[in-house]
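In: Below is the sequence, then the predicted model.
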Amino acid sequence: MRIGITGHRGLSEAVEKDVRQALHEVIEAYPPGGLTGVSCIADGPDAWFAEEVLRCGGRIEVVVPAAEYREGLPAWHHESYDGLLRRASDIHHTGLTRSDAQAHMTGSELLVGLVDELIAVWDGQPARGYGGTADVVAYANRTGVAVRILWPENATRS
């Protein structure tokens, strides 16, 4: 089974705790070694998902939206990003250089095309900018990829 992830970044510690627990519950339901997680491994749900897939005995594949993608992530996340990238069984590149909204959406479209199901850590609200979680969910729906929404009850985004 190949599962992808999309989700909001910059979540509070309380929401992070609930999202990590929900991701754990979803991922542990798969047989050990029977899961491939596909992620862009950005800070937040992307990285938490990849870490949990590995912890539960699965493997990860990484989508790199642009050559400059890592530099656009927070500096505090670079070590985690690099570690997850090293553990990836496969790395997929869009071929784009500049890390902008178009590259992020292109990377998400590539990711959706690689998976059987997409987990969306999504509050159900419209995207705050092109390529946001709502846009990725809409793309998955248009292309027939199953979407599982994970959003803790009473959670809010900052």
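Out: Received the coordinates, thanks.
In: Buried residues, the helix or strand in which residue 118 is found. List them.
Out: Assignment of secondary structure by DSSP states H and E places residue 118 within strand 117-121. Across strand 117-121, burial judged by 16 or more other C-beta atoms under 10 Å covers 118, 119, 120, 121. (C-beta placed from N, C-alpha, C; glycine too.)
In: quick one: contacts for the second one?
Out: Contacts were defined as C-beta atoms under 8 Å, 6 or more residues apart in numbering; by that measure residue 119 touches 3, 4, 5, 6, 7, 23, 26, 49, 147, 148, 150.
In: How about residue 111?
Out: Residues in contact with residue 111 (C-beta under 8 Å, 6+ apart) are 4, 6, 38, 39, 40, 63, 92, 118.
In: measure it to residue 147 for me?
Out: Here the distance between residue 111 and residue 147 works out to 13 Å (C-beta to C-beta, to the nearest Å).
In: Common neighbours of the two, please.
Out: residue 118.
In: contact partners of the next helix or strand after the strand holding residue 118?
Out: Sequence-wise, the next helix or strand downstream of strand 117-121 (DSSP H and E) is helix 133-143. Helix 133-143 is contacted by residues 6-8, 105, 108-109, 112-113, 118, 120-122, 125-127, 146-147, 149 when judged by C-beta under 8 Å, 6+ apart.
In: before we move on, back to that, with distance to residue 83 as extra columns, can I get the contacts of residue 119 in JSON lines?
Out: Converted to JSON lines, these look like this (distance: C-beta to C-beta, whole Å):
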{"residue": "3", "distance to residue 83": "20"}
{"residue": "4", "distance to residue 83": "20"}
{"residue": "5", "distance to residue 83": "17"}
{"residue": "6", "distance to residue 83": "21"}
{"residue": "7", "distance to residue 83": "20"}
{"residue": "23", "distance to residue 83": "18"}
{"residue": "26", "distance to residue 83": "22"}
{"residue": "49", "distance to residue 83": "15"}
{"residue": "147", "distance to residue 83": "28"}
{"residue": "148", "distance to residue 83": "26"}
{"residue": "150", "distance to residue 83": "24"}
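In: Report how many residues lie close to residue 68.
Out: Using other C-beta atoms under 10 Å, residue 68 has 14 other residues around it.
In: Next, the spatially closest residue to it that is not a sequence neighbour: secondary structure please.
Out: Ranked by C-beta to C-beta, 6 or more residues apart in numbering and with sequence neighbours excluded, the top spatial neighbour of residue 68 is residue 99, at 4.3 Å. Secondary structure assignment for residue 99 (DSSP: H, G, I helix; E, B strand; the rest coil): coil.
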